[in-house]
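> generate a structure from the sequence data that follows.
(2 chains)
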Amino acid sequence: MTRLNTNQIIALVLAALAVGYLAMAWQIRPFPLPRPIDSDMFPKVLGFTLLGLSLLLFLEKPKAQDIPEELDPEEQAAPLLLKPWSRVIVTTLAIVAYALLLVPVGFVLASVSLVFGLAWYYGYRRHGVNLATSLGVVLTLYLTMTRIMGVYLPTGLLPL
Amino acid sequence: MESLNNLMYGFGIALEPMNIVYVFAGVFAGTIIGMLPGLGPISALALMIPITFAMEPSSGLILMAGVYYGAIFGGSSSSILLNAPGVAGTVATSFDGYPMAKQGLAGKALAIAAYASFVGGTISIVFLMLVAPMLSKVAVSFGPAEYFSLMVLGLTAVVSLSDKSLVKGLIAAVIGVMISIMGIDLQTGTERFTFGTAHLLDGIDFLVVALGIFALAEVFYMLLRGGGGKEQPRNAIGSLKLSRSEVREIAPPIARSSVLGFFTGVLPGAGATIGSFLGYSMEKRLAKDGDTFGKGNIKGVAAPEAANNAACTGSFVPLLTLGVPGSGTTAVLLGALLVMGVSPGPAMLVDRPDVFWGVIASMYIGNIFLLVLNLPLIPYIAKILEMPRPLLLALILIFCMVGVYGMSFSVFDLLLLLGFGLVGLGMRLFGFPAAPLILALILGAIMEESMRRALQISGGDWSIFIDKPISMWLLIIAALSLLLPVVKQGMARIRSARA
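Reported below is the predicted structural model:
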């Protein structure tokens, strides 16, 4: 069996998405009064269009721009935690942690930790400058949002 | 005469002290954001939306217009200084701008870019002032069928003119429409695709998608491509002055490219990128010294810069008169307007003349600020490029978070933002254009509403879309815009097979 190319793999994922979408579109409850077009019509059209486009994508040969470029071999040789994909995963986890801790810990503390921590993790080693910049930017944002624009941001542990 | 009176009225609004501050702040912030490689006008505008949320609509849009101009100019600066265009619209500028910078003439290239942008912007504002009210009058006669077809054309044009796969562009557009119709259907009150969660009853905020797909995805992409820190070589900026003969040399290309740029910008989907390339290639063909293009010819900087700025202004025409954005950037602007409670369209000229003429007048002022204040400040603003990349990436992340949380106060939206960031990264890696998705996201719900209203009028008869001549022609052009690239590709294949 020949291996599927990137376009074909993406096409299969999209086709599955389209089928799931269509299944959900069929479950949309009809409006009690008859109407020329009900709420389910447009989603059904979209679902079938996506399914058709997935088929076209399956048949389309990938060009150079459709295939991710090779990552820098020097970066690939870095320790596991510093490899390019590890950086994306760690950042993703940091954002999840930030979202979950924002309310209990507070905006200032959570944001300073995120900026300082990630900048350090990405390789910035001037900790004083890092802390001063993180604190300065986050406090400016906090004060602008809460004092000038009247937007509430969670205070959390700090009595700000 | 009437346009002139209206413009004076607009100046009255734009010259209010606070609005002048907003124009300046917008242009300045836009320049800084646009200068950062990877972050273009769309990210800049999306990042600004939370700030404009509580503003008067006219002030908000004035700030946004400033950001838009500034970001385009900022993009030119990084094109010239680093050969790293922040946006596609300034790629053509780097062809001659960067060689000039390598010859120690970066200051001159930046000055030419600023003057060309200024003239391009100003000429096109005059056209905008003349064309927009005329188009508004025509657009008043548009019914739901015409609007639906116009939006279909807007989407297909953006898809067909992107440099990526047509099928992938269409897929991005369909997914954008799918996202836009999530939540409660306002016509029937039926829930659609909410997955049983109350968080999705109002649908997904477009800011979450825009920041995720553009800004956050860009951060992820830079992390993947060794954003940790390889420094780019920097050149000295040098003098910003131009000689008289140089001014004489660049004047005709600037004038020609401004007109060309404006009309390219008006066309849905075309915009700054195509405008700048057209301007560049037109001048290359016309110039006697065409062979020096690409080696630091000053006309090679002037033409695309005038064209891209003029195209930016041109793209305001469909947005302000029809309420239909012709590009991803103006789609974000439309989103911002809707957030502020203003619906652009033919009635806007009558209902909200303060917004309409205020914005046009502020464009003049924005252009003057760009020239008078930004240009001398460029050597200092360029220092932002020296900011360590790790710190910059972490700061962009926090700006995205604050932008989303400050609008919705929802942790769920932060997680959605992350999800869209990862989707945006995937799109970037596998060659899916992001502009059609964002345009479809903005247009999708309005498109469905227009379609349903048209079908309600016709009693469910689909032929209404071809019975109305304007609607029919718009659909024919939409179909042609999709077919032409395919036919062209086929012809090229046949030709290469014969050869």
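> buried residues, the helix or strand hosting residue B:257. List them.
Per DSSP states H and E, residue B:257 falls inside helix B:244-266. Within helix B:244-266, the residues scored as buried using 16 or more other C-beta atoms under 10 Å in any protein chain shown are B:246, B:249-250, B:253-254, B:256-266. Yep, even glycine has a C-beta here, placed from its N, CA and C like the rest.
> neighbouring contacts of stretch A:51-64?
A:5-8, A:10-12, A:14-15, A:18-19, A:22, B:165, B:167-168, B:170-171, B:174, B:431 (C-beta atoms under 8 Å, 6 or more residues apart in numbering or on different chains).
> what helix or strand is the one residue sitting closest to the centre of chain A located in?
Central residue of chain A (C-alpha atoms, centre = their mean): residue A:92, 8.0 Å from the mean position. Assigned by DSSP H and E, residue A:92 belongs to helix A:84-105.
> for the stretch 51-200 of chain B, what lies in contact range of chain A?
B:51, B:53-54, B:164-165, B:167-168, B:170-171, B:174-175, B:177-178, B:181, B:185, B:187-188, B:190, B:192-193 (C-beta under 8 Å from any C-beta of the partner chain).
> looking at the stretch 251-400 of chain B, which residue is nearest chain A?
Nearest residue of the stretch 251-400 of chain B to chain A: residue B:390, at 3.4 Å (C-beta to the nearest C-beta).
> next one: phi and psi at residue B:192?
Backbone torsions of residue B:192, given as degrees, to the nearest 10, read phi -130, psi 130.
> quick one: contacts for it?
A:28, A:39, A:43, B:181, B:182, B:183, B:184, B:185.
> among those residues, which ones are in strands?
In strands, defined here by DSSP state E, the members of these are B:183, B:184.
> quick one, helices of the stretch 251-400 of chain B?
Secondary structure of the stretch 251-400 of chain B (DSSP state H, counting those that start in this stretch): helices located at B:271-286, B:298-314, B:316-322, B:328-339, B:348-351, B:353-369, B:375-381, B:389-408.
> quick check: buried residues in the fifth one?
The neighbour-count check on helix B:348-351 (16+ other C-beta under 10 Å) flags B:348, B:349 as buried.
> now the strands for chain B?
B:183-184, B:191-192.
> can I get the ones you listed in a markdown table including distance to residue B:81 and mean pLDDT?
Output for the strands of chain B, formatted as a markdown table (distance: least, C-beta to C-beta, whole Å; pLDDT from 0 to 100):
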| stretch | distance to residue B:81 | mean pLDDT |
| --- | --- | --- |
| strand B:183-184 | 44 | 89 |
| strand B:191-192 | 48 | 90 |
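> any idea which of those strands is most buried?
strand B:191-192 (a mean of 20; mean count of other C-beta atoms under 10 Å in any protein chain shown).
> pull the distance from that one to the chain's centre.
32 Å (C-alpha atoms, centre = their mean, to the nearest Å).
> how about the lowest-mean-pLDDT helix or strand in chain A as PDB, C-alpha atoms only?
None of the helices or strands of chain A scores lower by mean pLDDT, DSSP states H and E than helix A:73-76, at a mean of 75. Provided in PDB are the C-alpha atoms of helix A:73-76 (Å, rounded to 0.1, in the frame of the first residue of the first chain):
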ATOM      1  CA  PRO A  73      19.100  20.300  12.700                       C
ATOM      2  CA  GLU A  74      21.100  22.300  15.300                       C
ATOM      3  CA  GLU A  75      17.900  23.000  17.200                       C
ATOM      4  CA  GLN A  76      16.700  19.400  16.800                       C
END
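> quick one: buried residues of the helix holding residue A:92?
A:84, A:87-88, A:90-92, A:94-95, A:98-99, A:101-103, A:105.
> now for it, which elements pack on it?
With contacts taken as 3 or more C-beta pairs under 8 Å, 6 or more residues apart in numbering or on different chains; DSSP states H and E, helix A:84-105 sits against helix A:107-121, helix B:217-224, helix B:389-408, helix B:411-429.
> ok, and what's touching the last one?
Contacts of helix B:411-429 from elsewhere in the structure, counted by C-beta under 8 Å, 6+ apart, are A:68, A:88, A:92, A:95-96, A:98-100, A:102-103, B:172, B:197, B:199, B:204-205, B:208-209, B:211-214, B:216-221, B:224, B:400-401, B:404-405, B:407, B:432-434, B:437.
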